[in-house]
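Q: here is a sequence together with a model predicted from it:
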Amino acid sequence: MIKPSHLLRAAVLGTVFTAMFTVGSSAATLGAGTVTADALRLRDTPAAEGEILATASGGTSVVVLEDTGNGWYKVNFNTVEGYMSSEYLTVSTTADAALGYGLVDTDGSSLNMRAAAGTSYDTVASIPGGTVLELEGVDNGWYKVTYSGKTGYVSSDYITITTEPDATETASSDLGAQIVAYAEEYLGTPYVLGGNGPNQFDCSGFTKYVYSHFGYTLNRTATDQLQNGVSVSKDELQPGDLVFFKYRTSKPVSHVGIYIGNGEFIHASTNRYVVQIDQMESGHYANVYVYARRIIG
């Protein structure tokens, strides 16, 4: 995977889904397999003597990870990896099939979603690490997915098969990712004191404008935005949280931005006087960070 530039990134700290059990590897996917027998057993080794891990009924779709070359496929069935006899599996490298759910496994970086299956195609979205996606199909090692209203393909090298996440967590996580993605549409927009958007912003004007797009009303100044939402600690930060900084002021804070994950935030900056992404784990902003607030439930 080619990591996206700052102008396309929407990263998430590896979100911990406490209500979700994740298994499986992020090995490249060969294709989608369909069980042709009335029932087919998933075994722990590629042999008829292997321990039975599960049984798939006829017509079931499984994720085919590897052809072991001895009459068996390594597969992922309902988040459990094992082996199925190739005699009773029809495998397609290009297929639309419900394959369950996948976790974007990128160590916190974001993953490019392409218009088609391959790195040569345009990037249509940037998906934060830790996002759970419904896998709608497969095309030569790429999963077909829908994210933030757009459909495209992501490399299976960076997807771990997982169970369906808790609906509440998913909604919150997805909304945070959408807020980040929308904020990034304004990268490079000029900073102007008092700017409310969309062609110019100051720091709190930017956060207020972005959140208003999702139906949330924030107070106008950075100090007053400390009254919005609920307080969260730095180690609890999630994409979309407001992060506050204090530098050479008698006020509680002097600056605000939106956390995007991986120790980064997006803000209307007085450094280069544009909307940009900066690190808050090192350098200037690490030294002046003071608070965080969560706006979405």
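A: Received it, and whenever you're ready, just let me know what you need. Keep in mind that what you see is a predicted model, and the values were worked out from it rather than measured. Numbering: from 1, shown residues only.

Q: share the number of residues neighbouring residue 222, please.
A: 24 (other CB atoms under 10 Å). Where C-beta positions appear, they are placed from N, C-alpha and C, glycine not excepted.

Q: may I have the residues that are in contact with it?
A: Counting by CB atoms under 8 Å, 6 or more residues apart in numbering, residue 222 makes contact with 203-204, 244, 253-256.

Q: next up, identify which helix or strand the closest residue in space to it that isn't next to it in sequence is on.
A: Nearest residue to residue 222 in three dimensions, chain neighbours excluded: residue 256, at 4.1 Å (CB to CB, 6 or more residues apart in numbering). Using DSSP states H and E, residue 256 sits within strand 255-261.

Q: which secondary structure elements does that strand contact?
A: helix 167-184, helix 203-212, helix 222-225, strand 242-245, strand 264-268 (3 or more CB pairs under 8 Å, 6 or more residues apart in numbering; DSSP states H and E).

Q: low-confidence stretches in the chain?
A: 1-28, 108, 148, 165-173, 297 (pLDDT under 70).

Q: ok, residue 181 touching residue 131?
A: No - look at residue 181 against residue 131 with CB atoms under 8 Å: they stay out of range, at 10.7 Å.

Q: of those two, who's got more company?
A: residue 131 (26 against 21).

Q: give the residue farthest from the middle of the protein.
A: In terms of distance from the mean C-alpha position of the chain, residue 49 ranks first, at 39.5 Å (CA atoms, centre = their mean).

Q: deepest of the helices and strands packed on strand 255-261, which one?
A: strand 264-268 (a mean of 26; mean count of other CB atoms under 10 Å).

Q: which other helices and strands contact the next helix or strand after that one?
A: Sequence-wise, the next helix or strand downstream of strand 264-268 (DSSP H and E) is strand 275-279. Judged by 3+ CB pairs under 8 Å, 6+ apart, the packing partners of strand 275-279 are strand 264-268, helix 284-288.
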